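In: here are the coordinates; sequence isn't available:
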Ligand code: GLC
Ligand code: CA
């Protein structure tokens, strides 16, 4: 089925008509909240739901339409809520069900939708199902999880988990091992069990009934495993075997997602987003194609390791064509029926956008605005990761004891304890790659703890909060925050920025990324200088740049200036023209 098509008049090459499949989740601007770090309302050092309610007006003022919350269900917090012990309740530290109902009501009152994280590849080992499952082999819940006998006095195979260590944990009660592709406190579900699936669907229904508008399905492409449990290949310098091809994107995953979509989401009011590692713009349609009836969008991992060298503690310069254009334009050039995409460069599993893709020192503001320009002028739904709108950076001067991520300490055992890597190198590596870099408290103002908490924060506040904070930027017309507001207003005003076609120009340029968006004859030209040099943009002949009208830029430009065929750009300069 073709939802969006254009009839091109072959002769003139002009767009004659457009049919657009309009959806709230395509038009809105989303904001991701790592609840633990956003706003603490009661001084216990942990962000919470009432804290978010207090800041809804801030989000509204910014121009947000959709709020995506990282997990809020009851959890012992081995992996910050990604280990759920009660799917129908709220984490004690975050509040109560009635706080959540109030958050939904207050958001809806302000015309903002709520997307919830749905963590159903695994549960916590403290979930009652798992507690039952480990009791004996006959227990009705045994088969909700994946149990195997050991081999040669060790685990069933050599798989290593994503968070370090073996993917199997021995349990002496029944003398078997259970599978956990993340931490050992996150046992994987056995999706082949129909009772399990029935219970999970009832849980989703429970949250739909509370008024949730959409879900981000965590690690959803891992829900099926290869039950032959063959050993993986051990790569150079690694301790465990690679299990990716046995636990990721297996064909049966599609059947499970379709089943959920069909039974629970046939009304079409909600949006379903999947987190899918190992998927890129060339094959994403297998989940998001309009004929598949599975997911609306997927969170990929394309931008996660841009700039990372061979090893975690090594850097490599960004190659604009290979690292950025090829990927971003790759997503843009897909056909409408292949699926919609979220526009995001960071989340809670990456480092900060600005530190990874921009320049968080000399050109802090310019590069933050340049990156935002890309994010709001490509086709897709922008997801702002909390704090990116004020240019928050990677954690500064974190010592080993300042980190909180379970993965940091597991991998320390695998790499430093075994002397594969020195502690010094490991720490440098963390400063470039650790997820904690993007989990530091939101920087609201320059008071103690950046206005995030009156108590002691669960994770250290970034030392640059005195300069980088919301309060400063709300007042400053030229701030990053106000630039985001302008971009959002522009996207709301110009449908071409949401639904328009994407055509890259000067694709071979190594420093400038430029493209045209077009819809029903309206054309917008975007030019960004990705680095700190001063390259020249040469307008292709088909663009009448002299007549172009500048609508937004991250530099103050002389009002009376006349555009010429060649424009010398300043470091990290970004311009948006109406043609
Ligand atoms: C996803 C989440 C990540 C979490 C993991 C296990 O990758 O984004 O934060 O640790 O799943 O649930
Ligand atoms: Ca709190």
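Out: Received, thanks. Computed from a predicted model, the values in this text were never measured in an experiment. Ligands and ions are numbered 1, 2, ... in the order given.

In: give the contact list for the residue in the stretch 301-450 of the chain that ligand 2 sits nearest to.
Out: Among the residues of the stretch 301-450 of the chain, residue 441 lies closest to ligand 2, at 11.5 Å counting by Cβ to the ion. Yep, even glycine has a C-beta here, placed from its N, CA and C like the rest. Taking Cβ atoms under 8 Å, 6 or more residues apart in numbering as the criterion, residue 441 is in contact with 37, 47, 449, 450, 452, 453, 457, 459, 461, 462.

In: who's in contact with the fifth one?
Out: So that's residue 452. Applying Cβ under 8 Å, 6+ apart, the residues contacting residue 452 are 37, 38, 39, 40, 47, 441, 442, 443, 444, 461.

In: could I get those in CSV, plus columns for pLDDT?
Out: Output for those, formatted as CSV (pLDDT from 0 to 100):
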residue, pLDDT
37, 98
38, 98
39, 98
40, 98
47, 98
441, 98
442, 98
443, 98
444, 98
461, 96
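
In: so which of those residues sit within helices?
Out: If you go by DSSP state H, the contacts of residue 452 have 37, 38 in helices.

In: and the residue of the stretch 301-450 of the chain closest to ligand 2, what are its phi and psi?
Out: phi -60, psi 140 (degrees, to the nearest 10).

In: same check, this time on residue 89
Out: Dihedral angles (degrees, to the nearest 10) for residue 89: phi -130, psi 170.

In: for the residue lying closest to it once chain neighbours are set aside, list each beta-bridge partner.
Out: When the adjacent residues along the chain are set aside, residue 89 lies closest to residue 74, with 4.3 Å between them (Cβ to Cβ, 6 or more residues apart in numbering). Going by DSSP bridges, residue 74 is paired in beta bridges with residue 86.

In: contacting residues around the closest residue in space to residue 276 that isn't next to it in sequence?
Out: Of all residues not flanking residue 276 in the chain, residue 221 sits nearest, at 4.2 Å (Cβ to Cβ, 6+ apart). Taking Cβ under 8 Å, 6+ apart, we find residue 221 in contact with 248, 249, 253, 274, 275, 276, 277, 278, 279, 287.

In: PyMOL command for the buried members of those?
Out: Command for PyMOL, covering only those of the contacts of residue 221 found buried under the criterion 16 or more other Cβ atoms under 10 Å:
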select buried, resi 248+249+253+274+275+276+277+279+287
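
In: so which of the contacts of residue 221 belong to helices?
Out: Per DSSP H, the subset of the contacts of residue 221 in helices is 253, 287.

In: show me which of the contacts of residue 221 is closest to ligand 2.
Out: Of those, the one sitting nearest to ligand 2 (Cβ to the ion) turns out to be residue 275, at 26.2 Å.

In: rewinding a little: wait, is the residue nearest to residue 276 part of a helix?
Out: Yes: judged by DSSP: H, G, I helix; E, B strand; the rest coil, residue 221 forms part of a helix.

In: is it possible to get a markdown table of the contacts of residue 441 that adds distance to ligand 2?
Out: Compiled in a markdown table, the contacts of residue 441 are given as follows (distance: Cβ to the ion, whole Å):
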| residue | distance to ligand 2 |
| --- | --- |
| 37 | 11 |
| 47 | 6 |
| 449 | 12 |
| 450 | 15 |
| 452 | 10 |
| 453 | 7 |
| 457 | 10 |
| 459 | 13 |
| 461 | 15 |
| 462 | 19 |
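
In: tell me which two of those sit farthest apart.
Out: Maximum pairwise distance in those, criterion Cβ to Cβ, is 14.9 Å, between 47 and 462.

In: mind checking how far residue 173 is from ligand 2?
Out: 36 Å (Cβ to the ion, to the nearest Å).

In: tell me the pLDDT of that residue.
Out: At residue 173, the model reports a pLDDT of 98.

In: elements contacting the helix or strand encompassing residue 524?
Out: Element membership of residue 524 [criterion: DSSP states H and E] is strand 522-529. Counting contacts by 3 or more Cβ pairs under 8 Å, 6 or more residues apart in numbering; DSSP states H and E, strand 522-529 is packed against helix 364-377, helix 495-499, strand 512-519, strand 574-578.

In: moving C-terminal of that strand, what's the next helix or strand?
Out: Immediately after strand 522-529, counting by DSSP H and E, sits strand 536-538.

In: so what does that next one touch, helix or strand wise?
Out: Partner elements for strand 536-538 (3+ Cβ pairs under 8 Å, 6+ apart): strand 566-568.

In: any idea how far the strand it packs on is from the chain center?
Out: Relative to its parent chain, strand 566-568 has a centroid offset of 35 Å by Cα atoms, centre = their mean, to the nearest Å.

In: list the buried residues in that strand.
Out: residue 567.

In: would you map the helices across the stretch 51-200 of the chain?
Out: Secondary structure of the stretch 51-200 of the chain by DSSP state H, counting those that start in this stretch: the helices cover 56-62, 97-109, 128-133, 194-209.

In: closest one of the contacts of residue 221 to ligand 1?
Out: residue 275 (5.7 Å; Cβ to the nearest ligand atom).

In: measure the residue lying closest to the closest one once chain neighbours are set aside to ligand 1 for me?
Out: Residue nearest to residue 275 in three dimensions, not counting chain neighbours: residue 299, with 4.7 Å by Cβ to Cβ, 6+ apart. The spacing between residue 299 and ligand 1, counted by Cβ to the nearest ligand atom, to the nearest Å, is 8 Å.

In: assess the claim that residue 299 and residue 218 are in contact.
Out: No: using Cβ atoms under 8 Å, residue 299 is not in contact with residue 218; the gap is 9.5 Å.

In: which residue does the stretch 251-400 of the chain bring closest to ligand 1?
Out: For the stretch 251-400 of the chain, Cβ to the nearest ligand atom, closest residue to ligand 1: residue 349, 4.7 Å.
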